[in-house]
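S.K.: This is a predicted model, with the sequence first.
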Amino acid sequence: MSAQAQVELDRRTAQPPVAEQTGAPPPVSRAAANRILLSLMFPTMMMPLLESTIRVALPVIRTDFQIPADLTAWVDTVFTLPFMLLMPIYGRLSDGVGKRRLMLAGTVIFSIGTGLTIFAPGLAGLMVGRAVQGIGVGGMMPLSMAMISAIFPPQERGKALGTWSAIGPVVGFVAPLSAGLLVDRWGWRLAFAPTLVMGVIALVAVARGVPAGLSQIKPHFLRTFDWSGALLLSLALTCFIFFLSSRPITGVAPLQDWRLLGMTLLLLAGFIVWERRHANPFVELALFRNRMFSLSSFCGMTRMVIMAGQGFLVTLYLADVRGFGAAQIGAITMVNAGAMVLVVRFGGQAADRWGSRWPAVIGLSVQISVMVIFALLPASAPVWVLVLVLIYYGLGAGFVLAALHSAAMSHIAESKMGMAAGLYSMSRFAGAAVGTALGGVILQGALDAAMTTIAAYQLTFLSFGLLAAVGVVAAFGLREKVS
């Protein structure tokens with residue numbers, strides 16, 4: 001019996017009589033839900049595999065193209081920007097178009113972008129390929145999160161999200177070393193080849209393992225979709241990222257092109273006014289009145305600001321301060337993801353039992369301490385000390401991950417889960433775009449001010465430690481009822 005036929009049988013045996021009356025997708029059995037969860041892990045692997053590859057390859061790309069730190073950050077940011085902007089669009093579309101078909105389309109686009117990256121003729125071509133990758137993979141996390149939240153009951157949702165979330169750190173543990181070996185042996189282009197293979201595998205896994213019919217399909221949904229609201233929000237966030245790192249865009253020093261900041265505020269105001277008046281808004285602003293959703297989104301954004309900044313800085317730090325090659329960098333940074341693997345599922349179970357507040361406080365506090373440690377670490381520190389610090393960081397970052405996912409979706413109606421998951425994911429990865437851009441801006445500013453290399457990195461790490469403190473304060477407000 002095929003996987004889809006088995007799922008149909010499970011649905012017929014588990015379907016209550018009211019399902020067809022309400023028009024909601026019928027529930028699936030536990031066995032079917034577990035099979036879908038397993039299938040969703042494959043497209044989720046694409047993002048951490050890609051990020052592990054680009055982090056290890058960045059120092060080599062910087063050297064090949066002879067570019068400064070702030071422009072090097074844009075090799076990552078040009079991917080993160082469309083990836084982040086399209087998350088709520090994928091999520092909102094999935095509420096009426098269907099999650100499975102969007103996931104299949106996104107996987108195809110991602111694979112095309114990866115091919116463009118491998119065969120890019122120059123820096124501009126590399127940037128285009130990276131942007132197409134971001135367009136394709138932008139829906140994988142919100143679509144998977146919304147689907148998992150819909151097929152698992154609330155009392156099991158944290159554990160399921162923790163299991164699903166663990167695949168990212170698992171890939172992140174294996175990928176850096178293999179990517180480093182590929183970069184050292186054949187250059188940065190071939191390091192993207194495993195990512196292309198994963199795109200094909202993910203396409204097959206979703207096509208065969210995720211059945212059609214799990215989402216409501218609404219006729220004429222695309223015709224009534226709020227494209228203007230989506231455009232206004234995307235332009236506002238783009239202008240803000242450009243403002244943070246404006247030198248490669250407008251030639252003006254970072255954080256000083258006030259035209260971009262003014263455009264950001266104007267577009268954001270226009271977006272809010274438009275959404276309040278639209279009958280079927282792209283973003284239901286009432287979602288942000290949900291205290292748990294708003295705080296979880298903010299904490300998730302803060303966590304990703306620090307994670308992206310740390311990931312960008314550590315690879316360059318190991319190359320510039322310690323003189324390590326790509327394989328050595330991959331071997332050292334893989335322990336960070338390995339530590340996350342150990343605790344991410346436990347963090348989801350802890351949230352199911354005790355709530356999300358303390359996992360979030362603990363995880364974000366670890367981020368503060370690690371940034372301070374790097375700010376104080378001398379250039380002569382033994383390698384084993386760096387490894388221990390990264391393990392410690394991975395434990396903290398992993399412990400909080402599923403807890404925030406669960407808290408964000410804890411009081412969201414099933415019909416709004418696509419929109420909520422998209423907004424939550426966008427908030428998180430807006431933090432990633434900000435973190436990478438800020439890392440490049442602060443580091444390059446310190447180097448331009450004639451600071452020593454080690455001092456420039458220490459200042460940048462300390463700046464991120466101060467940002468993490470804001471997230472800890474917000475995390476104390478996470479208080480949901482635990483059954």
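M.R.: Good, I have the coordinates.
S.K.: and Met45, what element?
M.R.: Assigned by DSSP states H and E, Met45 falls within helix 30-65.
S.K.: Can you mark which positions in that helix are buried?
M.R.: Counting neighbours by 16 or more other C-beta atoms under 10 Å, one finds that the buried residues in helix 30-65 are 32-33, 35-37, 39-62. C-beta: built from backbone N, CA, C; applies to glycine.
S.K.: again with stretch 362-375
M.R.: Neighbour counts over stretch 362-375 (16+ other C-beta under 10 Å) mark 362-368, 370-375 as buried.
S.K.: Adding distance to Ser294 and pLDDT, write those out as TSV.
M.R.: Converted to TSV, those look like this (distance: C-beta to C-beta, whole Å; pLDDT from 0 to 100):
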residue	distance to Ser294	pLDDT
Ile362	21	89
Gly363	19	88
Leu364	16	91
Ser365	21	93
Val366	23	93
Gln367	20	92
Ile368	22	93
Val370	26	94
Met371	25	95
Val372	28	95
Ile373	31	95
Phe374	30	94
Ala375	31	94
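S.K.: Just the ones of these in helices?
M.R.: Mapping these onto helices (DSSP state H) picks out 362-368, 370-375.
S.K.: I'd like these as a markdown table, with distance to Trp74 appended.
M.R.: Shown next, in a markdown table, are those (distance: C-beta to C-beta, whole Å):
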| residue | distance to Trp74 |
| --- | --- |
| Ile362 | 33 |
| Gly363 | 29 |
| Leu364 | 27 |
| Ser365 | 31 |
| Val366 | 29 |
| Gln367 | 24 |
| Ile368 | 27 |
| Val370 | 25 |
| Met371 | 23 |
| Val372 | 28 |
| Ile373 | 28 |
| Phe374 | 23 |
| Ala375 | 25 |
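S.K.: what separates the nearest residue to Ala319 once chain neighbours are set aside from Gly330, distance-wise?
M.R.: With sequence-adjacent residues excluded and distances taken as C-beta to C-beta, 6 or more residues apart in numbering, Ala319 is closest to Pro59, at 3.9 Å. Pro59 sits 11 Å away from Gly330, taking C-beta to C-beta, to the nearest Å as the criterion.
S.K.: Repeat that for Val370.
M.R.: Look at Val370 and Gly330: by C-beta to C-beta, they are 19 Å apart.
S.K.: Closest one of the buried residues of stretch 362-375 to Ser94?
M.R.: Of all the buried residues of stretch 362-375, Ser94 sits closest to Gly363, with 28.3 Å by C-beta to C-beta.
S.K.: could you pull out the strands for this structure?
M.R.: Shown for the chain, no strands are assigned by DSSP state E.
S.K.: Centroid-nearest residue for it?
M.R.: In the chain, the residue lying closest to the centroid (C-alpha atoms, centre = their mean) is Phe429, at 4.8 Å.
S.K.: since we're on the nearest residue to it once chain neighbours are set aside, how many residues are nearby?
M.R.: Nearest non-adjacent residue to Phe429, counting by C-beta to C-beta, 6+ apart: Met84, 3.9 Å away. Using other C-beta atoms under 10 Å, Met84 has 27 neighbouring residues.
S.K.: likewise Leu459?
M.R.: When neighbours are counted by other C-beta under 10 Å, Leu459 registers 16.
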